[in-house]
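Asker: Structure of the sequence below:
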Amino acid sequence: MAPRKPVDFALYVLISLVLFFATANLSSQFIFRSELVTLPNLVGKTPGEARAALSSIHIAVAIQGYAFDSRVEKGGIISQEPGPNSRLKARRTVKIIVSEGRELVSVPKLEGRSSEWANQALRSSGLKKGRASQIHTPRYAAGRIIAQQPAEAAVVGRNTPIDLLVSQGAWETRYVMPDLIEKRAATALRQLKANDFQVAEVHNSYYPGLEPGVVIKQSPPHGYRIQKRSQITLEVSK
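Answerer: This next block holds a predicted model:
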C-alpha cells in the first residue's frame, strides 16, 4: 500500500476538525433551543437592565411599544410578554412595553366660572375635583369659583385633584321667624311685607270655634332662622 502524502494527511485533519466543530455547534444550538428557562420579573427595569438580566439565559428583548403610566417612571418597563415566571425556550424573545412617564396636562382657568362648568372642564382635561371650600363674598355670585389650586395653566399629571374655593354670594342677614299663630292675618301680612319678607302663599281653612282671619299655621315655624328671600306660607281661618 502506498504511503500517504503529507498534503493529503493535512487535508484529512482539516476536514475532520471542521466537521467536529460544526457538529459541536449544531449540538449546542439544539441543546439551547430545547432548554426551558424561567423568566424573571422585568417590570420597573430599563430595557438595558432587562437585556443584561436575560443574556445569561439566552433570551432576547424587543420593545413592542410605549405608553403613559403613573406607576412606572419614564424609561421603565410597564409590562412583559410572556409574563414573569413563565417557562420559555432559550433563544426566544420577550416583548416589553416601556413607560413614557406620567401623562401631563394643563390646568384650565376655572375662576369666575360656575361649579357645574368647572366640573365638566376638569373631566374634559383629565383632572379631578379636589376639596371644595366655600365663603361668602359680594364679588362673586353664589356657586362661582373664586380661586383654584393648582393655578390656571399649571402643568400637572393626569387625574391630579384640583382644589376649589367657591362663593356663597354676599352674606345675608338672618332673622328669627316670629310666632304668628293666633295673630290677625291682615296685621301679620302687613308687617311682613313692610319689612321686605316674602309671603309666598296664604291658604284659607275652616277651623271650628275660631273666627275668620286668624293665623292657624305658619311655615317656617316660630324660631326658625330666615332671610329676606325666604318663602313664608300662612294658613288662615275662614
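
Asker: Give me the spatial nearest neighbour of the most centrally placed residue in the chain, chain neighbours excluded.
Answerer: Closest to where the C-alpha atoms of the chain average out (CA atoms, centre = their mean) is residue 159, at 3.6 Å. If you skip the residues right next to it in sequence, residue 159 has residue 128 as its closest partner in space, 5.7 Å away by CB to CB, 6 or more residues apart in numbering. Glycine gets a C-beta too; all of them are placed from N, C-alpha and C.

Asker: Count the residues that sit near the one you found.
Answerer: Neighbours of residue 128 under the rule other CB atoms under 10 Å: 13.

Asker: Any idea what it is bridged to?
Answerer: According to DSSP bridges, the partner residues bridging residue 128 are residue 161.

Asker: ok, it - contacts?
Answerer: With contact set as CB atoms under 8 Å, 6 or more residues apart in numbering, residue 128 has these partners: 122, 159, 160, 161, 162.

Asker: if you set the cut-off to 7 Å instead, what comes out?
Answerer: By CB atoms under 7 Å, 6 or more residues apart in numbering, residue 128 lies in contact with 122, 159, 160, 161.

Asker: Please indicate which of those are buried?
Answerer: Among the contacts of residue 128, the ones that count as buried by 16 or more other CB atoms under 10 Å are 122, 160.

Asker: and which of the contacts of residue 128 is nearest to residue 70?
Answerer: residue 159 (7.4 Å; CB to CB).

Asker: Tell me the pLDDT of that closest one.
Answerer: We have a pLDDT of 93 for residue 159.

Asker: returning to what we had before: going by distance to residue 151, which of the contacts of residue 128 wins?
Answerer: residue 160 (12.4 Å).

Asker: What separation is there between the closest one and residue 148?
Answerer: Separation of residue 160 from residue 148 (CB to CB, to the nearest Å) stands at 12 Å.

Asker: can you pull the contacts of the residue nearest to the centre of the chain?
Answerer: 126, 127, 128.

Asker: Buried residues in stretch 55-72, which are they?
Answerer: Quick answer for stretch 55-72 (16+ other CB under 10 Å): 57, 59, 61, 69, 72.

Asker: any idea of the mean pLDDT in it?
Answerer: Computed over stretch 55-72, the average pLDDT equals 94.

Asker: can you check stretch 197-207 too?
Answerer: pLDDT averaged over stretch 197-207 gives 93.

Asker: Could you export that stretch as PDB, CA atoms only?
Answerer: Below are the C-alpha coordinates for stretch 197-207, written out as PDB (Å, rounded to 0.1, in the frame of the first residue of the first chain):
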ATOM      1  CA  PHE A 197     -90.200  89.500  53.700                       C
ATOM      2  CA  GLN A 198     -91.800  87.400  51.000                       C
ATOM      3  CA  VAL A 199     -95.100  85.700  51.700                       C
ATOM      4  CA  ALA A 200     -95.400  83.000  49.100                       C
ATOM      5  CA  GLU A 201     -98.900  81.600  49.800                       C
ATOM      6  CA  VAL A 202    -101.900  82.200  52.100                       C
ATOM      7  CA  HIS A 203    -104.300  79.200  52.500                       C
ATOM      8  CA  ASN A 204    -107.700  79.500  54.000                       C
ATOM      9  CA  SER A 205    -109.100  76.700  56.100                       C
ATOM     10  CA  TYR A 206    -112.200  76.200  58.300                       C
ATOM     11  CA  TYR A 207    -111.300  75.900  62.000                       C
END
